[in-house]
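> Next one to model:
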Amino acid sequence: MNRQEKEVMISLLKDGFTTSSASFVVNVSGLTVSQLETLRKKVRQEGGKVQVAKVRLMKRALQNSEYAESLDPYLKKQIALVFAKNEAPALAKLICGFAKEYEAFSIVAGCMESTVLDQDAVKRIASLPPREVLLAQLLATMNAPVSGLVVSLHQTIAKLAYALRAIEEKKQNQTA
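Reported below is the predicted structural model:
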């Protein structure tokens, strides 16, 4: 790899860190090329990107970034970066599933919203439900008091209608 190619790779890595909502450091040593391509394809379908590069280039790309010191201990051996463009929990779930499927693959660390995550934190993020489900749960929680008010008002009106009907029936029985 010549100097120009290295500079391109460093700029790609910097761009990945700055434009992605989350980044995951994964260990790819022991994976075959076809397994790595399978990972790339699955990540691409989720709107992410897998970037394999030398650790030295990754460290250079992280220079002067907010993750530089925190991620440095994790940048060892044969690793790759997985960048999540959209939903980080969906991509975390995908790489956790891939780690269960292939023993040679493992999650090392992650970065999300200027926070460095260890392996356990990435697994916790993977256990989160999708964004749509979380939004639906939030809306249901916000809607619950209003729904309760509507139900109680409806019951009050129904009780009034039953009472008026009972009074009407009583008057009809008295006049008959």
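> all contacts plus neighbour counts: C-alpha atoms, from now on.
OK.
> Okay, domains of this structure per the record?
Listed domain ranges for the chain are 3-128, 129-176 (source: automatic domain parsing).
> Next, the distance between the ends of the first one.
It refers to domain 3-128. The straight-line separation of the ends of domain 3-128 (C-alpha to C-alpha, to the nearest Å) is 42 Å.
> and that domain, what's its mean pLDDT?
Mean per-residue pLDDT for domain 3-128: 86.
> So what's the residue count around Cys96?
19 (other C-alpha atoms under 10 Å).
> isn't it right up against Ile107?
Yes. Look at Cys96 against Ile107 with C-alpha atoms under 8 Å: they come within range, at 7.3 Å.
> From Ile95, how far out is Glu101?
10 Å.
> Please compare the two by neighbour count and tell me which comes out ahead.
Legend: neighbour count by other C-alpha under 10 Å for Glu101 and Ile95, higher for Ile95 (24 against 10).
> Please, where are all the helices along the protein?
3-19, 33-45, 55-62, 68-71, 88-101, 119-126, 131-175 (DSSP state H).
> contact partners of the fifth one?
What it means is helix 88-101. Outside helix 88-101, the residues within contact range by C-alpha atoms under 8 Å, 6 or more residues apart in numbering are 21-22, 24, 39, 42-43, 46, 48, 84, 105-107, 122-123, 125-130.
> Now do it: distance to the chain's middle.
10 Å (C-alpha atoms, centre = their mean, to the nearest Å).
> on that earlier part again, which of the domains of the chain is buried the deepest?
Mean neighbour count (mean count of other C-alpha atoms under 10 Å) peaks for domain 3-128 among those, with a mean of 17.
> Report the separation between Gln155 and Leu149.
Separation of Gln155 from Leu149 (C-alpha to C-alpha): 10 Å.
> can you check Gly48 too?
44 Å.
> likewise Glu46?
41 Å.
> Repeat that for Gln174.
Taking C-alpha to C-alpha, one finds Gln174 at 38 Å from Leu149.
> same check, this time on Thr156
According to C-alpha to C-alpha, Thr156 and Leu149 sit 11 Å apart.
> now do Glu5
In terms of C-alpha to C-alpha, Glu5 sits 65 Å off from Leu149.
> and if you look at Leu12?
For Leu12, the distance to Leu149 - C-alpha to C-alpha - is 54 Å.
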